[in-house]
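>>> I'll drop the sequence and a predicted model, then ask my questions.
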Amino acid sequence: DARVTQTPRHKVTEMGQEVTMRCQPILGHNTVFWYRQTMMQGLELLAYFRNRAPLDDSGMPKDRFSAEMPDATLATLKIQPSEPRDSAVYFCASGSLDRTQYFGPGTRLTVL
Amino acid sequence: DQQVKQNSPSLSVQEGRISILNCDYTNSMFDYFLWYKKYPAEGPTFLISISSIKDKNEDGRFTVFLNKSAKHLSLHIVPSQPGDSAVYFCAASAWNRDDKIIFGKGTRLHILP
């Protein structure tokens, strides 16, 4: 049963701390996406990769957010320093040629 | 500028009846449309999709209809079941936008006993 996995599922941290979220895409998928879900904005695309190369990170606040894909089985989203307004649920999704994306369970981030 | 719009934030339907969720889009370059279902504390789950070369796609109780001239699609669930209570996201993709999907803000469906 192929699934996207994300860790941690929940993270509570204090303002100013570094936060790292991890994602394991479905084996064989060549695109990976990071989304943020907020009440006001719905699902916002933060960044995405194809074949591990970053293609678009225009949705990310670049001064504090960074996304990487060190290998085909791991994508990371880092926030440094974190702020209370970053509190949200962060989803990773992976996809292949047919443009359908499959989502992980999300990381619920709370920044105090 | 919202390219994919779900104008009903919520919808209540009696169990056993038909649920119809609607979605409008503005970008005529969209050629692939998807519906996702989301339960609380879980990620969105892919439900059904349709290519712009079709006007209907069916999968069990779920049917998606596409009206390209009106830039409108709808998801029909027949018959509605309690487990269908969730948030439904409409999404669209354009062939010239790489692999990106644009999501609507979702419609919360309540199935009433």
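Nice, I can see it.
>>> quick one: contacts for residue 88?
You didn't pick a chain, so chain A it is. Residues near A:Ala88 by Cβ atoms under 8 Å, 6 or more residues apart in numbering or on different chains: A:Arg36, A:Gln37, A:Thr38, A:Leu109. Where C-beta positions appear, they are placed from N, C-alpha and C, glycine not excepted.
>>> the intended chain is chain B.
B:Gln6, B:Leu21, B:Trp35, B:Tyr36, B:Lys37, B:Lys38, B:Leu47, B:Leu75, B:Gly106, B:Thr107, B:Arg108, B:Leu109.
>>> partners of it in the sheet?
B:Lys37, B:Thr107 (DSSP bridges).
>>> so which residues on chain B come close to chain A?
Contacts of chain B with chain A, taken as Cβ under 8 Å from any Cβ of the partner chain, map to B:32, B:34, B:36, B:41-46, B:49, B:89, B:93, B:98-101, B:103-106.
>>> pLDDT below threshold where in the chain?
No chain in the question, so chain A it is. Along chain A, the parts satisfying pLDDT under 70 run over A:1, A:41.
>>> my question was about chain B, not that one.
In the predicted model of chain B, residues B:97 satisfy pLDDT under 70.
>>> ok, for the closest residue to chain A within chain B, nearest residue in space, not its chain neighbours?
Using Cβ to the nearest Cβ, the single residue of chain B nearest to chain A is B:Gly43, 3.5 Å away. In this structure, B:Gly43 finds its nearest non-sequential neighbour in A:Phe103, 3.5 Å apart by Cβ to Cβ, 6 or more residues apart in numbering or on different chains.
>>> and that neighbour, what does it touch?
A:Val4, A:Tyr35, A:Phe91, A:Cys92, A:Ala93, B:Tyr36, B:Gly43, B:Pro44, B:Thr45, B:Phe46.
>>> do that again at 6 Å, thanks
Applying Cβ atoms under 6 Å, 6 or more residues apart in numbering or on different chains, we find A:Phe103 in contact with A:Phe91, A:Ala93, B:Gly43, B:Pro44.
>>> likewise A:Asp86?
Applying Cβ under 6 Å, 6+ apart, the residues near A:Asp86 are A:Ile79, A:Val111.
>>> and it, what are its phi and psi?
Dihedral pair for A:Asp86: phi -80, psi -10, per degrees, to the nearest 10.
>>> the residue lying closest to B:Asn27 once chain neighbours are set aside: neighbouring residues, count only.
Leaving aside its chain neighbours, B:Asn27 sits nearest to B:Gln3 (4.9 Å; criterion: Cβ to Cβ, 6+ apart). Other residues near B:Gln3 number 15, with proximity taken as other Cβ atoms under 10 Å in any protein chain shown.
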